[in-house]
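[1] Provide a 3D model corresponding to the input given below.
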Amino acid sequence: MGSIAELLGYSLTSEEPEDTHTRAQEDSDRIRETAMAAVLDETPLEPEAARANLRLVEDLDLDDLVLYAIIARIEHELHIQIPDASIGEWTTMEDLLTGVEAATR
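    A predicted model of the protein is given here:
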């Protein structure tokens, strides 16, 4: 005997199995692209010069005002909230990108 839904002729599983790895990668890419676009718009950084090891303060000269403008845009576009405590721990671009991804989970 199956579930009530199955007895009524409904399928609870997707007809086509979803490749969750591909979807997760696409989501990760979209999140990182949104964050990177915010950084590029608020700084003089050229896209070809962007690297994960760039330091937010020393290399990009981000002060608190610019950083929070970037964060506000990311939060708005991704419909998320990033804890201030997490933001305070970021020192590199990779930290920022990873932190934004973590806030979406």
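
[2] C-alpha from now on. contacts and neighbour counts both.
    Fine.

[3] How about residue 96: what's its closest non-neighbour residue?
    residue 90 (5.8 Å; C-alpha to C-alpha, 6 or more residues apart in numbering).

[4] That neighbour: what secondary structure?
    Following DSSP: H, G, I helix; E, B strand; the rest coil, we place residue 90 in the coil state.

[5] Look up the pLDDT of it for me, please.
    Looking at residue 90, its pLDDT is 96.

[6] residue contacts, it?
    By C-alpha atoms under 8 Å, 6 or more residues apart in numbering, the contact list for residue 90 reads 56, 96, 99.

[7] By neighbours, which of those residues wins?
    residue 96 (22 neighbours; other C-alpha atoms under 10 Å).

[8] Got phi/psi on that residue?
    Here is the backbone geometry of residue 96 (degrees, to the nearest 10): phi -60, psi -50.

[9] And residue 82, how far from residue 102?
    Distance, residue 82 to residue 102, by C-alpha to C-alpha, to the nearest Å: 9 Å.

[10] So for those two, which residue has more residues nearby?
    Legend: neighbour count by other C-alpha under 10 Å for residue 82 and residue 102, higher for residue 82 (17 against 12).

[11] thinking that one is in contact with residue 75, fair?
    Yes - using C-alpha atoms under 8 Å, residue 82 is in contact with residue 75, at 7.1 Å.

[12] Give me the helices and strands touching the lengthiest helix in the chain, please.
    Longest helix in the chain by number of residues, with DSSP state H as the criterion: helix 20-42. Under the contact definition 3 or more C-alpha pairs under 8 Å, 6 or more residues apart in numbering; DSSP states H and E, helix 20-42 sits against helix 64-78, helix 93-103.

[13] tell me the most buried of the ones you listed?
    helix 93-103 (a mean of 18; mean count of other C-alpha atoms under 10 Å).
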